[in-house]
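Peer 1: Generate coordinates for the sequence data below:
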Amino acid sequence: MKTNRIPALAVAGILAITLTACSDTNTPAPSTPAPVAVESTPAATEPTTPAPVADEPTCPTFTAGDLLATMGDITCAEDAGFIAYRLAEGAIVVDPDADKIPAAVQKELAAPVAQSIKDYGQEVGDGAGVWAAAPQAAASISTELGRPVAVVASFTNDDGVTFAAWGSSAADELNAVSASTSHQSTLAKTKAWIADQPNADEWLIIDATV
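Peer 2: Numbering: from 1, shown residues only. This next block holds a predicted model:
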């Protein structure tokens, strides 16, 4: 009987192929690693420089009689406790607590009183009405300055020149005791009358005759 034989080399080849196939089938495919997240570094920012702050405007130091040319100066003077008395142009500093106020302000403040007394002496208009206008004008000055005032004025008639003081209160009494034909005598009588008042240190004398 004839036996078919497979050459040994062929058998070895078949076994090699079989083993390779098995090896390829059973070996898992290499896994791909998951991507790793990379943290991004934020871009550097330039530091911001704060805008410069404007300096607060500073107020100058004022004294009574100073002229104020701008609204800023007027505000500063009033904030400092002064009165900024308005003139035709600008204003002038008035210290409401001072014994005297600037001559320019005295003249303007006293003008209504002086005019009333002048009109009375010249018999302009109703005599009683003109006479009453003087203490009313003095009261207006008192309100503006925030203190009682006595305004010394004069009038001229057929009897000559008469001086007297008109006050913002008790006007009839002050007017009567201060009247004289002498300017200096009227000033002295006015000061004496004020000295007897309970608020004597608050009074201000404004001389409309100078």
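
Peer 1: in what helix or strand does Leu109 lie?
Peer 2: Assigned by DSSP states H and E, Leu109 falls within helix 103-121.

Peer 1: That helix - contacts with which helices or strands?
Peer 2: Here helix 103-121 touches strand 91-94, helix 127-145, strand 149-157, strand 160-167, strand 204-207, going by 3 or more C-beta pairs under 8 Å, 6 or more residues apart in numbering; DSSP states H and E. For every residue, glycine as well, the C-beta is placed using N, CA and C.

Peer 1: at 10 Å instead, please
Peer 2: When contacts are defined as 3 or more C-beta pairs under 10 Å, 6 or more residues apart in numbering; DSSP states H and E, helix 103-121 sits against strand 83-86, strand 91-94, helix 127-145, strand 149-157, strand 160-167, strand 204-207.

Peer 1: Kindly export the fourth one (C-alpha atoms) in CSV.
Peer 2: Spelled out, it's strand 149-157. Included here for strand 149-157 are C-alpha records, laid out as CSV according to Å, rounded to 0.1, in the frame of the first residue of the first chain:
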residue,chain,number,x,y,z
VAL,A,149,-26.4,149.4,62.6
ALA,A,150,-26.5,153.1,63.3
VAL,A,151,-26.1,155.4,60.3
VAL,A,152,-24.9,158.9,60.9
ALA,A,153,-26.2,161.4,58.2
SER,A,154,-27.0,165.0,57.9
PHE,A,155,-29.5,167.3,56.2
THR,A,156,-29.5,171.0,55.5
ASN,A,157,-32.5,173.4,55.8
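
Peer 1: What pairs with it, parallel or antiparallel?
Peer 2: As defined by DSSP bridges, the strand partners of strand 149-157 come to strand 160-167 (antiparallel), strand 204-207 (parallel).

Peer 1: Can you list the buried residues in stretch 177-188?
Peer 2: Of the residues in stretch 177-188, those buried by neighbour count under the rule 16 or more other C-beta atoms under 10 Å are 177-178, 180, 186-187.

Peer 1: Also stretch 195-206?
Peer 2: Those would be 197, 203-206, for stretch 195-206 by 16+ other C-beta under 10 Å.

Peer 1: How about stretch 66-86?
Peer 2: Buried positions in stretch 66-86, judged by neighbour count with 16+ other C-beta under 10 Å: 66, 68, 73-74, 76-77, 82-85.

Peer 1: If the closest residue to Asp207 other than its chain neighbours is in a bridge, with which residues?
Peer 2: Counting by C-beta to C-beta, 6 or more residues apart in numbering, Asp207 lies nearest to Val152, which is 4.8 Å off, once chain neighbours are set aside. Beta bridges link Val152 to Ala165, Asp207 when assigned by DSSP bridges.
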